[in-house]
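# Would you be able to build a 3D model of this:
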Amino acid sequence: MAEYFRRGAQEYLVKSDIDRVSLETAIDSAIEKVRDERLRREKEQELESFASIVAHDLQAPLCAIKGNLDLIQDFFSEGLGEEGQKFVDAAVRMSTRMSEMIEGLLVYSRVGRSESPMGPVSLDQCVAGALASLEPLIKETGAEIRYSNLPAVWGDGMALGQLMQNLVGNALKYRSEQRPVIEVGAELESAVWRCWVRDNGIGIAQKFQKDIFSPFT
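Numbers count the residues shown, from 1 in each chain. Presented below is the predicted three-dimensional model:
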């Protein structure tokens, strides 16, 4: 009962005109809020548990598939011929992509429940870390990345670093025929930092913009 009062019923107790009906309404409302919160937490835990099990169970056979493909490439590459090598290379790419999707499922299940400590985060360092991870793709595309003097903000350093890597990585992946030019910047608006990642890539058609935050879209 004490938890229910803390969650909402106490708002009614400070009123001078409190009566039995108001008190019962306040308690019922607080109880409902607590139940909803508990149900939400249980569903989140179920989702993360399910995703962890699925990710583990799918990664095991996938690793075996990739291992066999590596063996075929190591020991039978000469007998495969050009056409056979293309099929094996395609299978390797697809298995790698599937592994990334499985890992993405696990990450998605944990979104919003990070246990990383909040604190001051240098966005310059976040971008530098992202570029280090994306170095092979940057070299391959000849991309020009522009950023400097980004602010320090309060947040989850790991999540912000992953965000920067995803945004810059998408700009490199979905590029036009031009040399990719990517700019990361920030400006202060009413005591809040507004940050952006801009590029000269293919963009997103207006009709698809509502879908870009859907899982795996």
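
# Outline the domain layout of this protein.
If you go by automatic domain parsing, the domain ranges for the chain are 1-113, 118-211.

# now, of those, which is deepest in the fold?
Of all the domains of the chain, domain 118-211 carries the top mean neighbour count, a mean of 14, counting by mean count of other Cβ atoms under 10 Å. All C-beta spots, glycine's among them, are computed from the backbone N, C-alpha and C.

# ok, back up a step: need the least confident one among the domains of the chain, by mean pLDDT.
Of all the domains of the chain, mean pLDDT reaches its minimum on domain 1-113 (a mean of 73).

# and it, how far out from the chain's middle?
The chain centroid and the centroid of domain 1-113 are separated by 11 Å under Cα atoms, centre = their mean, to the nearest Å.

# thinking residue 174 is in contact with residue 202, fair?
Yes. Under the criterion of Cβ atoms under 8 Å, residue 174 lies in contact with residue 202, with a separation of 5.4 Å.

# Show me the helices in this protein, by range?
Defined through DSSP state H, the helices belonging to the chain, from first to last, are 2-4, 10-13, 20-109, 123-133, 135-141, 157-173.

# could you say what helices and strands the third one packs with?
Packed against helix 20-109, as judged by 3 or more Cβ pairs under 8 Å, 6 or more residues apart in numbering; DSSP states H and E, are the following elements: helix 2-4, helix 10-13.

# 6 Å instead?
Under the contact criterion of 3 or more Cβ pairs under 6 Å, 6 or more residues apart in numbering; DSSP states H and E, the helices and strands touching helix 20-109 comprise helix 2-4.

# swap in the last one?
Contact analysis of helix 157-173 by 3+ Cβ pairs under 6 Å, 6+ apart lists helix 123-133 as its packing neighbours.

# Using a markdown table, lay out the helices of the chain together with distance to residue 214.
Formatted as a markdown table, these follow (distance: least, Cβ to Cβ, whole Å):
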| stretch | distance to residue 214 |
| --- | --- |
| helix 2-4 | 36 |
| helix 10-13 | 37 |
| helix 20-109 | 11 |
| helix 123-133 | 23 |
| helix 135-141 | 24 |
| helix 157-173 | 15 |
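
# So for residue 148, which of those helices sits nearest?
Each of the helices of the chain was scored for nearness to residue 148 using Cβ to Cβ, and the closest is helix 123-133 (7.7 Å).

# which strands and helices sit next to that closest one?
Here helix 123-133 is seen to pack against helix 157-173 when contacts are counted using 3+ Cβ pairs under 6 Å, 6+ apart.

# got the angle for the helix it packs on vs helix 20-109?
Taking axes from the mean of the first three to the mean of the last three Cα atoms, to 10 degrees, one finds that helix 157-173 is oriented at 50 degrees with respect to helix 20-109.

# any idea how far stretch 202-214 is from the chain center?
With Cα atoms, centre = their mean, you get 17 Å for stretch 202-214.
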